[in-house]
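Peer 1: Sharing a model that was predicted from the sequence below.
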Amino acid sequence: MAGLISLNVPAFLQAFNHLSPLKYAVANMIPFSLQHVEFTCLPAQRLPNGQCPIQNGKQVLETYGFNGSLNTAWKNLGYLVVVTVAYRLLGWAVLKGRRWRFGIVGR
């Protein structure tokens, strides 16, 4: 899940996760997909008070720190566009550099 559904990720892996477009795409979809979900559990999984440990998607979102606001969704979408464009530009620069290094004449 792009490193989002984990509570104990080491700091160096979190830094690499910010470079991944998947992080922003999944972070944008999670609040919309879990917001109105209701969960059930087996009798053996119930807490002593008779309730399921997690009853709905809002509890999951709170546990993992997703507030699901529209502002956050736009922010994640913006980051997704920036990271994707940056990767495309990096790929273009590498290809141009290789052409220049090997003296390939062309457009």
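Peer 2: Cool, got the structure.
Peer 1: contacts and neighbour counts: CA atoms only from here.
Peer 2: OK.
Peer 1: Low-confidence ranges, the chain, go.
Peer 2: Segments of the chain classed as low confidence (criterion: pLDDT under 70) are 1-7, 67-70, 104-107.
Peer 1: So which residues of it form helices?
Peer 2: In the chain, the helices defined using DSSP state H lie at 11-17, 21-34, 57-63, 70-101.
Peer 1: Pick the most buried one from the ones you listed.
Peer 2: Across those, the average number of neighbours (mean count of other CA atoms under 10 Å) peaks for helix 21-34, which reaches a mean of 18.
Peer 1: Which elements pack onto that one?
Peer 2: Helix 21-34 sits against helix 57-63, helix 70-101, with contacts defined as 3 or more CA pairs under 8 Å, 6 or more residues apart in numbering; DSSP states H and E.
Peer 1: follow-up on the earlier one: which one of the helices of the chain lies nearest to L42?
Peer 2: helix 57-63 (17.4 Å; CA to CA).
Peer 1: okay if I get the helices and strands packed on helix 21-34 as a markdown table plus distance to L34?
Peer 2: Listed next are the helices and strands packed on helix 21-34 as a markdown table, based on distance: least, CA to CA, whole Å:
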| stretch | distance to L34 |
| --- | --- |
| helix 57-63 | 5 |
| helix 70-101 | 14 |
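Peer 1: Any idea which of these gets closest to F16?
Peer 2: Nearest to F16 among the helices and strands packed on helix 21-34 is helix 70-101; the distance by CA to CA comes to 12.3 Å.
Peer 1: Can you add distance to A44 and give the helices of the chain back as TSV?
Peer 2: What follows is the helices of the chain, written out as TSV (distance: least, CA to CA, whole Å):
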stretch	distance to A44
helix 11-17	35
helix 21-34	24
helix 57-63	20
helix 70-101	37
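Peer 1: Of all those helices, which one comes closest to T40?
Peer 2: With CA to CA as the criterion, T40 lies closest to helix 57-63 of the helices of the chain, at 11.2 Å.
Peer 1: CA atoms of the closest one as PDB?
Peer 2: Below are the C-alpha coordinates for helix 57-63, written out as PDB (Å, rounded to 0.1, in the frame of the first residue of the first chain):
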ATOM      1  CA  GLY A  57     -13.800   3.000   7.900                       C
ATOM      2  CA  LYS A  58     -13.700   6.300   9.800                       C
ATOM      3  CA  GLN A  59     -11.900   4.500  12.700                       C
ATOM      4  CA  VAL A  60      -9.300   3.200  10.200                       C
ATOM      5  CA  LEU A  61      -8.800   6.700   8.900                       C
ATOM      6  CA  GLU A  62      -8.300   8.100  12.400                       C
ATOM      7  CA  THR A  63      -5.900   5.300  13.300                       C
END
